[in-house]
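Participant: Give me the fold of what follows.
(chains A and B)
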Amino acid sequence: MIFERRLLRAEPSFGLTNKLWQISWLYVLLICALAGVGYVALYSAGGGPSLYATPDLLRFCFALLMMLCIAMIDIRFLARFSWPLYGLSMALLAAVLRFGHVGKGAERWLVIGGLQMQPSELMKIGLVLALASWFHKASWERMGNPLFLIPPVLAVLAPVALILKEPNLGTAAIVGMIGGAVFFAAGVRWWKIALVLAPIPLVAQFVYSHLHDYQRARIDTFLHPESDPLGAGYNIMQSKIALGSGGMWGQGFMHGSQAQLDFLPEKQTDFIFTVLAEQFGLVGSLAVIALLLLLVLGAMVIALRCRNQYGRLVAFGIATNFFLYVFVNLAMVMGAIPVGGVPLPLVSHGGSAMLMVMLGFGILMSVHVHRDVEFGEVREET
Amino acid sequence: MKRETKRSGVFTRRALLFAGAQVAALGALSAKLYQVQIVDGTKYATLAKSNRISSRLIAPTRGRILDRFGTVVAGNKQHWRALLIAEETNSIDMTLDTFNRVVPLQDHERARIEHEVRRQRRFIPVLVRDFLTWEEMAAIEVNAPDLPGIIVDVGTTRLYPFGPNLAHVVGYVGPPNEHDVEQDQMLALPGMRVGRAGMEKHDDLSLRGKAGVVQLEVNAYGRVIREIDRQEGTPGQELGLTIDSTLQQQVIGHLADQSASAVVLDCTNGEVMAMATNPSFDPTLFDTGVSQAQWIEWTRDRLTPLINKAVAGVYPPGSTFKPAVAMAALESGALSLTDRINCPGYLDIGNTRFHCWKLGGHGLLDLHGGLKNSCDVFFYETARRAGIDPINLMAHRFGLGVPLPIELPDARVGLIPSKEWRERQGHPWEVGDTVVSGIGQGYVEVTPLQLATYVARVATGKLVQPHLTRALGGVLQPSQDPASWPSMGLPDKFLQAVRGGMWAVVNEPGGTAPLARLKLPGVTLAGKTGSAQVRRVSREAREHGHFNSADLPWEFRPHALFICFAPYEAPRYAVSVVVEHGNAGADVAGPIARDIMTDTLLRDPARRQEAPGQAVADAGNPS
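Facilitator: Residues are numbered from 1 along each chain as shown, chains lettered A, B, ... in the order given. A predicted model of the protein is given here:
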């Protein structure tokens, strides 16, 4: 089998038909299934298809097409744009600090050509590509050199610092985690990672003690939402009520009292999962979680099957990014971690988030299609 | 190639480790989901139920106020009003423009509507115009297709069938203010009213009733989806007054156009049969809105139409105070029933000369003669002998200058001076102060209701307490039984002597108030006149005989007072009349009191013979 693939790799470029054939259509099917779940949830949240469900379906169709196009692009070609994309993301992050619109909470938006976008979302992909490209070129020996690790660490810290300044603690943490995950997968030694992670609790302690009272109160409310049912704890409480009233089998499609009666805040965006959980119960929620897990693991499999380091790290990074979306959103909805404006990918209502997720999947597909291509492996230094 | 294998090997190991961690993390979330959805599911499902169903209050009907015979003196009237529901129209401006063509709106009304529309949620109705006439209502209904968002609704207003005649007793209601709403959320409901004066204020909580509850299915914005359950509220309790509304109107009639007040009390049980104050005002105006011009007119009027003079007007009692002074002197032993005092027309205390109203004086008088002639010198001397403090205590026992348990919130206390009171003001008490107090002048100030109570206590010798509440919510109030009032503990012979003096005032030749004599066969009235100066009369004016108080400007004329009870032989009713700046009590107040007493005695005599419990039961069940 390996020999057959080598044949492919020998060819300078293989045809479009071949490439289409190489796409993991099973994975595309899983993506479409998740979008289908989103359609059902948004149909219910909007009290019909017209409010959220249909617009999002149309957007998904467009995004799917975009994903397939990206999948056709040679990974080696894409790799060349890793650092430029990173640079663009940094520029946008800087721009959003200066010109951005402050939305709910501390999320910052840029409006470009009538399109709302969050540069931090683009940065997640830009960072993955940049780090993958850096580590792709690294020999095993160079990986052991601490000095070699300093530029990528800075490449992680720079956007983290900018996002913290927005200030968006949650997203900054997620970007940091994605960067850390890529470091980990690239083979950086455990103790070096531990050395960087160790001071974090101390830093957090320091930051907490220097917060304003109202900021601390916000964190305290996150930890004990029941103490303030009409204030900041309202969202989490209502979300838990919706989940709990779902029970084992749920109240049935379009019968969720919480969602139908608008008790759920932002039900079409961040809290879309509660709409599903209320109507389809534990069984339905677990099915959705299983689907999400399949998408994460599928991306991991693509990473493992890839034959070049760049593709492996990119696929791994995208898988991690997707996983963090899912995990943070679900944990937030269940009241396990503070609420932090993270949508459930492909299910939540919203165009720009969907576009970013599908951009990631497009690159993932490109990795998969080009998993066996000859990609300037680094020669050992003499 | 070996290095490449090592690198991919490390990646594979670590990626698998990562995948395992991700599976574990989502597994943990699934466990948490199980916890929330199944283990704690019941708890959250219950919470979901309370979330969906919102309890709203329904405004209760305000309790009616009835007179002693069940005649409505404060009721409820329904009226039409136009409301605007902002979300049902595309353009509030257009709707209001059209409305303005149908029913003209003033600029300030429109500004208020627009302000409220901006402040309220769009599905909450905003009042456009209250108290629509039938024509306006019909015009709006006809134009309904061009008035999206406008609905015509039924509201209630307070109705006072006796209008100004009972305004001071019944009081009035007004819309609640923010402070009221803080106290009771129910008042936020449209159409709720708060008692602002009189019995409406005193019994506000009982009259208000309890709000009903309607269970509504609502969404998180408070928008009603549908009604699930409805429990009507408890309407306010019906309040039965002791007032006889017919008698009240007759009393008002006798006061004519003077600035005056009169109180009719049932001596035996303290029921206020009539409490009239002139001039009055229209109490319904406070519910519908008092115009600024009207308000200025009321507050600037020197006849003070807004003040209930019967309980909030304080006047020097003048000579009507003399029976109390006599009783104080008799009880303290300063005066005996056989003592005689000479009246040469004046009394000198130090270097001040106190005059009697009669130039030349009355000569030798005993108590009977002193009261009958209302001799000032007799009572200067009696007061001087008794001292101010026994007078103060006796006046308080008669209900003068002390708070009475009357239900009206604006009732004033008045003042009976004492040495201690004067010293608290930083002045020593002078004998001259005692002397002028002896004729109810100086610092002495009382209300007409106190005067009526005082007469009732003189007439019965019992500590009768005046009250206006007969039945509340159909339940008779206690203390309706004449036997329930404790005795004042005054010797009967003293009481008889004072009553006899008062009888002589009206019925003996030479008494000061022959005009107050009743023209009814077999019934006589005992009373006492009073002409209370509001300004000291100069000696020259008095000595030169130029003094005639009728020549004075109105506000400097003395108040005319008269107190009386009847029938003399078996006292049943007490009446007090105060005519502000009416000059002589005998000529002005006496005849009014006589007419009032005549009407009172003629009022349904059969009913008077009934046992009190019987009559009360009738009033308690007006239906």
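Participant: Those residues of the stretch 51-200 of chain A touching chain B, which are they?
Facilitator: Residues of the stretch 51-200 of chain A lying close to chain B by Cβ under 8 Å from any Cβ of the partner chain are A:Ser139, A:Trp140, A:Ala181, A:Phe184, A:Ala185, A:Ala186, A:Gly187. For glycine as for every other residue, the C-beta is placed from the backbone atoms N, C-alpha and C.
Participant: mind giving me CSV with those and columns for distance to B:Val314?
Facilitator: As requested, these are exported to CSV (distance: Cβ to Cβ, whole Å):
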residue, distance to B:Val314
A:Ser139, 108
A:Trp140, 107
A:Ala181, 89
A:Phe184, 92
A:Ala185, 95
A:Ala186, 97
A:Gly187, 100
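Participant: just for chain A, where's the confidence low?
Facilitator: Across chain A, residues meeting the criterion (pLDDT under 70) sit at A:1-13, A:100-116, A:167, A:211-235, A:256-266, A:338-340, A:376-382.
Participant: ah, wrong one, I meant the stretch 351-500 of chain B
Facilitator: Along the stretch 351-500 of chain B, segments meeting pLDDT under 70 span B:479-482.
Participant: then stretch A:44-60 to PDB, C-alphas only?
Facilitator: Extracted in PDB, the C-alpha atoms of stretch A:44-60 (Å, rounded to 0.1, in the frame of the first residue of the first chain):
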ATOM      1  CA  SER A  44     -36.900  24.900  16.700                       C
ATOM      2  CA  ALA A  45     -35.200  27.900  18.200                       C
ATOM      3  CA  GLY A  46     -36.700  30.200  15.500                       C
ATOM      4  CA  GLY A  47     -40.100  28.700  15.800                       C
ATOM      5  CA  GLY A  48     -39.900  27.800  12.100                       C
ATOM      6  CA  PRO A  49     -37.300  27.700   9.300                       C
ATOM      7  CA  SER A  50     -37.300  31.300   8.200                       C
ATOM      8  CA  LEU A  51     -35.600  33.000  11.100                       C
ATOM      9  CA  TYR A  52     -32.400  31.100  11.600                       C
ATOM     10  CA  ALA A  53     -32.500  27.700  10.000                       C
ATOM     11  CA  THR A  54     -32.800  28.500   6.300                       C
ATOM     12  CA  PRO A  55     -30.300  31.300   6.200                       C
ATOM     13  CA  ASP A  56     -27.800  29.200   8.000                       C
ATOM     14  CA  LEU A  57     -28.500  26.200   5.600                       C
ATOM     15  CA  LEU A  58     -27.800  28.500   2.600                       C
ATOM     16  CA  ARG A  59     -24.600  29.700   4.300                       C
ATOM     17  CA  PHE A  60     -23.600  26.100   5.000                       C
END
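Participant: So which bits of it are buried?
Facilitator: Across stretch A:44-60, burial judged by 16 or more other Cβ atoms under 10 Å in any protein chain shown covers A:Ser44, A:Ala45, A:Gly46, A:Tyr52, A:Ala53, A:Asp56, A:Leu57, A:Arg59, A:Phe60.
Participant: ok, back up a step: neighbour count and secondary structure added to the residues of the stretch 51-200 of chain A next to chain B, as CSV?
Facilitator: Compiled in CSV, those are given as follows (neighbours: other Cβ atoms under 10 Å in any protein chain shown; DSSP: H, G, I helix; E, B strand; the rest coil):
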residue, neighbour count, secondary structure
A:Ser139, 17, coil
A:Trp140, 15, helix
A:Ala181, 23, helix
A:Phe184, 20, helix
A:Ala185, 28, helix
A:Ala186, 25, helix
A:Gly187, 21, coil
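Participant: A:Gly247: which of those residues is nearest?
Facilitator: Distances from A:Gly247 to these, taken as Cβ to Cβ, are shortest for A:Ala181 (35.9 Å).
Participant: Not counting residues beside it along the chain, what's closest to the residue of chain A at minimum distance from chain B?
Facilitator: Nearest residue of chain A to chain B (Cβ to the nearest Cβ) works out as A:Gly244 at 2.1 Å. In space, and not counting its chain neighbours, A:Gly244 is closest to B:Tyr44: 2.1 Å by Cβ to Cβ, 6 or more residues apart in numbering or on different chains.
Participant: neighbours around that neighbour, how many?
Facilitator: Residues near B:Tyr44, counting by other Cβ atoms under 10 Å in any protein chain shown, number 24.
Participant: give me the number of residues near B:Arg340?
Facilitator: B:Arg340: 13 neighbours (other Cβ under 10 Å).
Participant: how much space between it and chain A?
Facilitator: Computed with Cβ to the nearest Cβ, to the nearest Å, the distance linking B:Arg340 and chain A is 84 Å.
Participant: Do you know the pLDDT at that residue?
Facilitator: Model confidence at B:Arg340, given as pLDDT, is 92.
Participant: who's in contact with it?
Facilitator: Shown in contact with B:Arg340 (Cβ atoms under 8 Å, 6 or more residues apart in numbering or on different chains): B:Leu364, B:Leu365, B:Asp366.
Participant: which of these tops the neighbour count?
Facilitator: When neighbours are counted by other Cβ under 10 Å, B:Leu365 leads the contacts of B:Arg340 with 21 neighbours.
Participant: State the pLDDT value of B:Arg333.
Facilitator: Wrong residue type there; residue B:333 is Gly, not Arg. Looking at B:Gly333, the pLDDT reads 92.
Participant: And B:His115, by the same measure?
Facilitator: Reported pLDDT for B:His115: 83.
Participant: Which element, helix or strand, includes it?
Facilitator: Here B:His115 sits within helix B:107-119, counting by DSSP states H and E.
Participant: Go through that helix and flag the buried ones.
Facilitator: If you call a residue buried by 16+ other Cβ under 10 Å, then helix B:107-119 has these buried ones: B:Arg110, B:Ile113, B:Glu116, B:Val117.
Participant: Out of these, flag the one nearest to B:Pro60.
Facilitator: B:Glu116 (24.2 Å).
Participant: Least confident secondary structure element in chain B?
Facilitator: Least confident helix or strand, chain B: helix B:612-620 with a mean of 37, by mean pLDDT, DSSP states H and E.
Participant: So which elements touch the one helix or strand A:Ile241 maps to?
Facilitator: Secondary structure from DSSP H and E places A:Ile241 in helix A:234-246. Where contact means 3 or more Cβ pairs under 8 Å, 6 or more residues apart in numbering or on different chains; DSSP states H and E, helix A:234-246 is packed against helix A:257-260, helix A:272-305, helix B:41-52.
Participant: separation between B:Ala326 and B:Leu84?
Facilitator: Between B:Ala326 and B:Leu84 the computed distance is 69 Å (Cβ to Cβ, to the nearest Å).
Participant: Those two: which has the busier surroundings?
Facilitator: The residue with more neighbours, out of B:Ala326 and B:Leu84, is B:Ala326; 28 against 23, by other Cβ under 10 Å.
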